[in-house]
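Undergrad: Whatever this is, show me its structure:
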Amino acid sequence: MTTEPTAPLTITNALIFDGTSADLVEGSIVFNGGLVAEVGDVEPQGQVVDAAGKVVVPGLIDAHFHAYAVGLGGMEVERSPLSYSALVGAQRLGLALGRGFTTVRDVAGGDIGLSKAIEKGLFASPRYYYTGPAFSQTGGHGDPRAADVDVCFSHGHMCAVVDGVDQLRQAVRERFRTGSHAIKIMTSGGVVSLTDPIRVPQYSGEEIRAVVDEATRRGSYVAAHAYSPEAIRHSVENGVRSIEHGNLLDEATAELMAEHGAFLVPTLAAYDAMNRRGEAAGLNPVSQAKNAEVLSAGKDAIGMALRAGVRVGFGSDLMGELEDDQLQGVRLQIEAVGVLETLRSMTSVNAELLQNPSLGSLRAGAVGDAVLLDGNPFEDPAVLWDESRPRTVLQAGRVTA
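TA: Below you'll find the model as predicted:
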């Protein structure tokens with residue numbers, strides 16, 4: 001995306017969700033210079049888009065996106081030519097923008113080259129936050145090797161194997177040198193990795209604390225892939241701020257997360273898509289069995305977290321050809337906790353997670369990102385996920401789709 005100032009544009013006759021409040025505001029939104037200039041009963045300026053009484057929401061944020069996830073197999077993803085991964089990534093980002101996701105956080109992948117291309121406007125893309133390849137211990141979730149494969153693996157496009165406190169400190173510093181927004185670590189087993197049990201915590205407390213120390217001094221934070229209560233507790237007690245997935249969360253661990261101010265970023269779309277489409281897409285049978293273990297628990301975890309006072313975001317985590325299920329994640333989260341909490345998750349909560357309060361809201365001074373829906377999601381939730389329903393996407397005050 002480009003950051004050049006934009007001419008005025010006004011959406012009139014709208015019902016406005018501001019990113020937080022359950023009460024919709026009737027009125028207009030004026031965008032000017034890439035920002036929201038005025039909201040409410042205001043005089044239109046510049047180009048006028050008539051909302052005809054439909055709902056406008058802030059630009060949506062996907063806080064668990066993978067631009068370089070070109071397939072479902074670890075080695076396929078990690079060893080594809082980077083030029084191919086970048087071109088696929090550009091396509092995936094453009095499709096996400098068309099669905100209304102004006103910002104994404106890439107937690108396991110991305111790099112400064114892709115980021116620079118987006119900043120220069122070489123292709124249509126959401127605002128792009130990236131961690132670079134996630135860190136995994138040997139034999140952890142980011143190690144793509146099967147047990148009987150005798151090859152070396154140190155790093156790829158989405159993950160890097162780094163063991164030991166000193167090595168991790170150096171690797172984190174290198175991530176920040178090359179523009180990473182935050183750091184991602186793997187602290188439990190995962191679905192697509194082949195040699196690690198789902199529930200077992202990964203990395204020592206000393207290793208996690210070293211990563212957190214480096215990130216905190218940089219003014220950033222650490223996100224951790226973690227499913228089980230054991231792994232979530234191990235992560236949060238050692239300073240991790242953002243728990244990714246968290247499907248097997250229990251009430252005591254949810255309360256611990258709230259005490260530590262940790263976020264939960266659920267990724268319901270990924271498990272549903274792998275369950276329905278994984279076998280046809282070539283998902284390894286080991287991964288299919290692991291997916292079954294976490295599939296049904298994900299919705300319960302979101303409600304449990306909210307009841308405990310945990311800030312719950314939204315992510316998709318879709319790999320390979322499953323990427324077109326991104327909006328199905330919206331449907332699944334709405335089924336779990338309703339429209340209001342899901343909209344908050346995709347807007348103001350994810351903005352807080354990204355440490356950027358100018359995102360995720362429609363108020364004067366916020367970035368000019370918005371989605372004009374084909375109706376009112378509080379009356380007809382399908383307008384948020386049904387891709388046959390038209391939507392108008394604005395980014396930095398410009399109509400993009």
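Undergrad: distance from the centroid: which residue in the protein tops it?
TA: The C-alpha centroid of the chain is most remote from E43, which lies 35.8 Å away (Cα atoms, centre = their mean).
Undergrad: now the residue nearest the centre of the chain: how far from L340?
TA: The residue lying closest to the centre of the chain (Cα atoms, centre = their mean) is A63, at 1.7 Å. According to Cβ to Cβ, to the nearest Å, A63 and L340 sit 18 Å apart. (C-beta placed from N, C-alpha, C; glycine too.)
Undergrad: next one: T195
TA: Between T195 and L340 the distance is 41 Å, computed by Cβ to Cβ.
Undergrad: again, but for V104
TA: Distance from V104 to L340, by Cβ to Cβ: 22 Å.
Undergrad: How about H66?
TA: 28 Å.
Undergrad: Between those two, point out the one with more neighbours.
TA: Comparing H66 with L340 by neighbour count (other Cβ atoms under 10 Å), the higher total belongs to H66, at 26 against 15.
Undergrad: List the residues that contact the more buried one.
TA: Residues counted as contacts of H66 (Cβ atoms under 8 Å, 6 or more residues apart in numbering) are 106-109, 158, 317-319.
Undergrad: Buried among those? Need that as a selection in PyMOL.
TA: Buried subset of those, written as a PyMOL selection, criterion 16 or more other Cβ atoms under 10 Å:
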select buried, resi 106+107+108+109+158+317+318+319
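Undergrad: Lowest-confidence one in the contacts of H66?
TA: The member of those with the lowest pLDDT is M158, and it reads 88.
Undergrad: Surely it touches V77?
TA: Yes - counting by Cβ atoms under 8 Å, V77 is a contact partner of M158 at 5.6 Å.
Undergrad: contacting residues for D62?
TA: Taking Cβ under 8 Å, 6+ apart as the contact definition, D62 lies against 96, 101, 103-105, 126, 314-316, 326, 346, 350.
Undergrad: ok, it to G320 distance?
TA: 16 Å.
Undergrad: Then R173?
TA: The gap separating R173 from G320 is 32 Å, by Cβ to Cβ.
Undergrad: Equivalent analysis for D300, please.
TA: Using Cβ to Cβ, D300 is found at 27 Å from G320.
Undergrad: Need the residues touching each of M158 and V77.
TA: 68-69.
Undergrad: Quick one: mean pLDDT for the helix or strand harbouring V77?
TA: For V77, the element it lies in under DSSP states H and E is helix 74-79. When pLDDT is averaged over helix 74-79, the result is 77.
Undergrad: Phi first, then psi, for L354.
TA: Backbone torsions for L354, taken as degrees, to the nearest 10, come to phi -80, psi 0.
Undergrad: Compare R173 and G320 and say which is more crowded by neighbours.
TA: G320 (22 against 12).
Undergrad: I figured the more buried one hits G71, correct?
TA: Yes - with contact defined as Cβ under 8 Å, G320 counts as touching G71 (4.4 Å).
Undergrad: any residues in contact with both of those two?
TA: Counting by Cβ under 8 Å, 6+ apart, no residue touches both G320 and G71.
Undergrad: Q395 bridge partners, please.
TA: For Q395, the beta-bridge partners under DSSP bridges are R398.
Undergrad: Then D106?
TA: Note on D106: beta-bridge partners by DSSP bridges are F65, Y130.
Undergrad: my guess is it meets Y128, correct?
TA: Yes - between D106 and Y128 a contact is recorded at 6.8 Å, counting by Cβ under 8 Å.
Undergrad: list residues touching both of those two?
TA: Counting by Cβ under 8 Å, 6+ apart, the common neighbours of D106 and Y128 are A67.
Undergrad: Next up, the contacts around D148.
TA: For D148, the contact set (Cβ under 8 Å, 6+ apart) is empty.
Undergrad: make that A262, sorry
TA: Contacts for A262 (Cβ under 8 Å, 6+ apart) come out as 236, 240-243, 310.
Undergrad: again, only this time at 10 Å
TA: Shown in contact with A262 (Cβ atoms under 10 Å, 6 or more residues apart in numbering): 221, 224, 232, 235-237, 239-243, 246, 254, 256, 305, 310-311.
Undergrad: quick one on the thing from earlier: quick check on the residue farthest from the centre of the chain: phi, psi?
TA: In terms of degrees, to the nearest 10, the main-chain angles of E43 are phi -80, psi 130.
Undergrad: Would you mind putting the contacts of H66 into JSON lines with distance to S228 alongside?
TA: JSON lines is the format used below for these (distance: Cβ to Cβ, whole Å):
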{"residue": "D106", "distance to S228": "24"}
{"residue": "V107", "distance to S228": "19"}
{"residue": "A108", "distance to S228": "19"}
{"residue": "G109", "distance to S228": "24"}
{"residue": "M158", "distance to S228": "22"}
{"residue": "D317", "distance to S228": "17"}
{"residue": "L318", "distance to S228": "22"}
{"residue": "M319", "distance to S228": "21"}
